[in-house]
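Engineer: next comes the sequence, and after it the predicted model I'd like to discuss.
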Amino acid sequence: MFFLRNYSVATVMALVAATQLFVVQTQGLVSWRAGGFGMYASFHPRHHEAWVTTGDGGEPVRYTKYDAAADCEVYRAIRHCLTWPSNLRLDEALLGLPEELRQATRVRIYRLNFDPSSGVLSRKLLAESPRTAPSGAR
């Protein structure tokens, strides 16, 4: 009875954490699910960022979904694309912009990925507009 009374909560917590870590490592479960321990080890799977380049030749500007101070017409048009990015959604969002701005704007949406074993932060391209041909294509 002494063990049950003093260690039962800690034992259950350790079993839940161990089960979640086992499933993440062996079955490919996203670490944010089934217990949510991923918040301590990785980016949220829907943490996306948009890099916007306008025709004025400036550097790309980075926006995330939660940039409350962003006062950019392009950002306001594409903000909803940062939740579920796709090329089709991005193209539809940019249709609402004036023609000259749409023609001079390039938008790329990336998902961040951090590999804790190597310490490398990388980005995966999810959507872009206008789309470019693959590097090997002619």
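Structural biologist: Received the coordinates, thanks. Numbering: from 1, shown residues only.
Engineer: pLDDT score assigned to residue 116?
Structural biologist: Residue 116 is assigned a predicted lDDT (pLDDT) of 69.
Engineer: can you map out the helices along the protein?
Structural biologist: 2-27, 73-78, 87-94, 99-103 (DSSP state H).
Engineer: what's the spacing between the last one and its chain's center?
Structural biologist: Here helix 99-103 is found 26 Å from its chain centre; the criterion is CA atoms, centre = their mean, to the nearest Å.
Engineer: any idea of the mean pLDDT in it?
Structural biologist: Per-residue scores along helix 99-103 average to 84.
Engineer: who's in contact with that helix?
Structural biologist: 54, 55, 73, 74, 94, 95 (CB atoms under 8 Å, 6 or more residues apart in numbering). C-beta: built from backbone N, CA, C; applies to glycine.
Engineer: buried ones among the residues you listed?
Structural biologist: 74, 94 (16 or more other CB atoms under 10 Å).
Engineer: min pLDDT across the contacts of helix 99-103, which one?
Structural biologist: residue 55 (76).
Engineer: cool, thanks, signing off.
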